[in-house]
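Visitor: I would like the atomic coordinates for the input below:
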Amino acid sequence: MTHFHVSKEVYEAMQEQQAVVALESTIISHGMPYPQNVETALLVERTVREAGAIPATCAIIHGQLKAGLSEEEIELLGVMGQKIPKASRRDIPYLVSQGQHGATTVASTMIIAHLAGIKIFATGGIGGVHRGANSTMDISADLQELARTPVAVVSAGAKSILDIGLTLEYLETMGVPVVGFQTDEFPAFYTRKSGFGVDCRLETPKQIAKLLKAKWELNLQGAVLIANPVPEAHQMDAAQIEKTIEAAIVEADKEGIKGKAITPYLLAKIEKLSGGKSLETNIQLVLNNARLGAEIAKAMNNEQ
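Guide: As a prediction, this is how the structure comes out:
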């Protein structure tokens with residue numbers, strides 16, 4: 001395919017039926033400052049390898065959709081930071097046609113993973129229905145992608161800057177199963193609890209792999225969202241993070257920040273207001289999801 005490239009390592013792993021885990025690149029360009037973004041991206045890849053799978057970080061580089069990046073390409077995304085466009089489904093044709101770079105969101109990473117035949121994708125937190133969406137209609141394209149693209153997404157729930165209740169209602173309407181890994185409660189990114197339940201609880205990667213196999217064998221298209229709470233030692237205080245988020249949203253409103261700029265703005269503002277605690281939590285939950293993603297990918301191979 002002209003506009004699509006799979007790295008040699010990822011291609012050979014797929015041919016040999018090794019476990020492969022897709023990873024996004026928005027977290028590199030828009031989620032963290034340099035050089036922590038590059039250090040974290042490489043650490044996440046190393047974590048996937050140590051858990052017995054092959055990492056496939058996804059991005060758009062010079063107009064090519066890529067599954068599997070070199071260290072030089074990861075460095076490029078990190079150094080350029082927010083100068084790299086944040087790329088969701090709607091942005092792909094323009095960036096590809098113009099030969100530009102793009103940092104892939106949950107939605108566009110799912111698209112690239114599906115093109116490569118990768119079934120498991122580990123991220124931080126999904127996008128969803130934003131607070132105040134009844135007037136702004138600000139709903140992440142991640143939710144539509146979860147409804148249509150058959151890639152399992154491991155996340156620490158939805159980002160707590162969102163309206164989690166409405167996000168879960170949307171997923172229910174679109175037929176996306178929400179599986180709690182060793183939890184009955186949907187996590188809220190920085191914290192293990194949100195006050196909302198999951199559709200079902202499963203205890204092992206093998207059980208999750210069986211659910212994925214059953215869903216796709218029945219030709220029930222779309223994703224499964226696997227909710228994996230942040231490790232308890234690294235979660236933030238729920239009351240404090242909510243206060244911080246509310247303050248960040250007020251600042252965003254004052255500055256007129258909207259659309260795709262709102263999430264990176266809020267995450268950066270929350271990091272500043274929390275004295276860097278939120279960034280450390282973000283890193284730990286991504287690593288936790290990468291480990292689980294690798295375990296599920298290995299279990300999926302055993303189910304074939």
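Visitor: could you use CA atoms for every contact and neighbour count after this?
Guide: Fine.
Visitor: and the helices in the stretch 51-200 of the chain, which stretches?
Guide: 71-80, 92-97, 106-116, 133-136, 141-148, 164-173 (DSSP state H, counting those that start in this stretch).
Visitor: mind checking the longest strand of the protein?
Guide: Taking DSSP state E as the criterion, the chain has its longest strand at strand 54-61.
Visitor: give the contact list for the residue most central in space within the chain.
Guide: Central residue of the chain (C-alpha atoms, centre = their mean): T123, 2.9 Å from the mean position. T123 makes contact with L23, E24, V106, V153, V154, S155, A156, V286, N289, A290, according to C-alpha atoms under 8 Å, 6 or more residues apart in numbering.
Visitor: now the longest strand of the chain: mean pLDDT?
Guide: The average of the pLDDT scores along strand 54-61 is 98.
Visitor: kindly report the same for stretch 155-166.
Guide: Here the average pLDDT along stretch 155-166 is 90.
Visitor: tell me which residues of that stretch come out buried.
Guide: S155, A156, G157, A158, K159, S160, I161, L162, D163, I164, L166 (16 or more other C-alpha atoms under 10 Å).
Visitor: any chance of the residues you listed in a markdown table, plus distance to G276?
Guide: What follows is the buried residues of stretch 155-166, written out as a markdown table (distance: C-alpha to C-alpha, whole Å):
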| residue | distance to G276 |
| --- | --- |
| S155 | 21 |
| A156 | 19 |
| G157 | 21 |
| A158 | 20 |
| K159 | 17 |
| S160 | 16 |
| I161 | 17 |
| L162 | 20 |
| D163 | 23 |
| I164 | 24 |
| L166 | 28 |
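Visitor: let me know the closest of these to K210.
Guide: S155 (18.6 Å; C-alpha to C-alpha).
Visitor: and that closest one, how far from R192?
Guide: S155 sits 12 Å away from R192, taking C-alpha to C-alpha, to the nearest Å as the criterion.
Visitor: any common contacting residues for these two?
Guide: P229.
Visitor: which intervals of the stretch 201-304 of the chain have sub-threshold pLDDT?
Guide: 259-260, 262, 304 (pLDDT under 70).
Visitor: strands of that one, residue ranges please.
Guide: 225-227 (DSSP state E, counting those that start in this stretch).
Visitor: in it, which spans are helices?
Guide: Under DSSP H, counting those that start in this stretch, the stretch 201-304 of the chain gives helices at 205-217, 238-255, 262-273, 277-303.
Visitor: nearest to P35, out of these?
Guide: It's helix 277-303; of the helices of the stretch 201-304 of the chain, that one is closest to P35 (C-alpha to C-alpha) at 12.9 Å.
Visitor: now the angle from the closest one to helix 262-273?
Guide: 130 degrees (axes from the mean of the first three to the mean of the last three C-alpha atoms, to 10 degrees).
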